[in-house]
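Engineer: Fold the following for me, if possible:
(4 chains)
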Protein chains: 2
Amino acid sequence: MSRNCGTGSHDKHDVYAALCPCRNVLELLANKWSALAIGAMEDGPVRFGALQRVLQGVSPKVLTQTLRRLEDAGLVSRTVYPAVPPHVEYALTELGHSAAEPLAHMRDWAERNVDLLYAGQ
Amino acid sequence: MSRNCGTGSHDKHDVYAALCPCRNVLELLANKWSALAIGAMEDGPVRFGALQRVLQGVSPKVLTQTLRRLEDAGLVSRTVYPAVPPHVEYALTELGHSAAEPLAHMRDWAERNVDLLYAGQ
DNA sequence: GCACCTACTATCTTTTGGATAGTATCGATG
DNA sequence: CATCGATACTATCCAAAAGATAGTAGGTGC
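Structural biologist: The predicted structure is shown next:
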């Protein structure tokens, strides 16, 4: 097996390697709020307040953190429309849309199989 | 849209509802170590020590916690072979194997797209 | 008798997540 | 003219989770 990733040249990456940068990418995606936020933006730009209502139970601080991380990674774009009251829209980038697919599968799996889990007692 | 989930009857579940039990399932899967551990067991039973070596950087405490949670959920089985030194094997259940698919897509996405992220500076 | 092996548990520290309250701005309302 | 309301946040504090490190059990080989 040609697992590589000494973080060096652009060979194959390996999420199982502690120092591979793709481990950080996995950490970013393998997160409840990231998975929900990205799913909420699949159909187009969404405002902060709308995200807060859709992601039930999220606090503004955590939502901001989540969006900033996704923005820094390049999965989400943030657009400010100068107006009062403020108007800010978050949208998936092309990269964000491609990440949305595996995350949608994960959400679907959770919804479809929840009744089969914790069945032992 | 027929989104339901007042946690009540077995209608449709919704990960966006704070109180839906499938939110817990999403939290379980949308986790770095869960995603890596499940992937490591896809090809058959694995011992604790082997998992620890494969999931580079994981501490025994966190690995134990992760495996217990997966076991409680019914995704992983734990088999103790009474011997000295101890011999314990972890394996995916049928349910665990079905969860492995979306997680594999997520890991693959991370490995394939890592070079495109954080490109802005 | 002593070190070794595996699979942990215990303890402590650090990081992250979460709840809550407060800020800034301007237009509309009374 | 003071107040209220809307939006998108920050600031603060506390709790929960993650992480590092050391220790335990108990039979085997030397």
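Engineer: Quick check, pLDDT for residue A:98.
Structural biologist: Confidence at residue A:98, expressed as pLDDT, is 97.
Engineer: Name the SS class of it, please.
Structural biologist: helix (DSSP: H, G, I helix; E, B strand; the rest coil).
Engineer: Let me know how buried residue A:81 is, in neighbour terms.
Structural biologist: By the criterion of other Cβ atoms under 10 Å in any protein chain shown, residue A:81 has 9 neighbours. Any C-beta I mention is one placed from the backbone N, CA and C, and that applies to glycine too.
Engineer: Secondary structure element holding the closest residue to residue A:69 other than its chain neighbours?
Structural biologist: Spatial nearest neighbour of residue A:69, excluding adjacent residues (Cβ to Cβ, 6 or more residues apart in numbering or on different chains): residue A:28 at 6.1 Å. Secondary structure assignment for residue A:28, by DSSP states H and E: helix A:21-29.
Engineer: Hmm, residue B:111 and residue A:12 touching each other?
Structural biologist: Yes: between residue A:12 and residue B:111 there is a contact under Cβ atoms under 8 Å: 7.3 Å.
Engineer: Of the two, which one has the most company?
Structural biologist: Set side by side, residue A:12 and residue B:111 show more neighbours around residue B:111, with 20 against 13, by other Cβ under 10 Å.
Engineer: the strands in chain A, which residues?
Structural biologist: A:46-47, A:76-81, A:87-92 (DSSP state E).
Engineer: Including mean pLDDT, could these go into a markdown table?
Structural biologist: Shown next, in a markdown table, are those (pLDDT from 0 to 100):
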| stretch | mean pLDDT |
| --- | --- |
| strand A:46-47 | 96 |
| strand A:76-81 | 96 |
| strand A:87-92 | 96 |
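Engineer: out of those, nearest to DNA strand C?
Structural biologist: strand A:87-92 (11.1 Å; Cβ to the nearest atom of the strand).
Engineer: Run through the neighbouring helices and strands of the closest one.
Structural biologist: Judged by 3 or more Cβ pairs under 8 Å, 6 or more residues apart in numbering or on different chains; DSSP states H and E, strand A:87-92 is in contact with strand A:46-47, helix A:48-54, strand A:76-81.
Engineer: Next, the angle from that strand to strand A:76-81.
Structural biologist: Put simply, strand A:87-92 runs at 160 degrees to strand A:76-81, going by axes from the mean of the first three to the mean of the last three Cα atoms, to 10 degrees.
Engineer: Does strand A:87-92 reach DNA strand D?
Structural biologist: Yes: Strand A:87-92 lies within reach of DNA strand D by Cβ under 7 Å from any atom of the strand, at A:87-88.
Engineer: For residue A:11, give me the pLDDT.
Structural biologist: What the model reports for residue A:11 is a pLDDT of 59.
Engineer: In TSV, list the helices and strands packed on strand A:87-92 along with distance to residue A:105.
Structural biologist: Shown next, in TSV, are those (distance: least, Cβ to Cβ, whole Å):
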stretch	distance to residue A:105
strand A:46-47	21
helix A:48-54	19
strand A:76-81	20
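Engineer: Among those, which comes closest to residue B:79?
Structural biologist: Among those, the nearest to residue B:79 by Cβ to Cβ is helix A:48-54 (41.9 Å).
Engineer: Quick check: buried residues in the closest one?
Structural biologist: Buried residues in helix A:48-54, counted by 16 or more other Cβ atoms under 10 Å in any protein chain shown: A:48, A:51-52.
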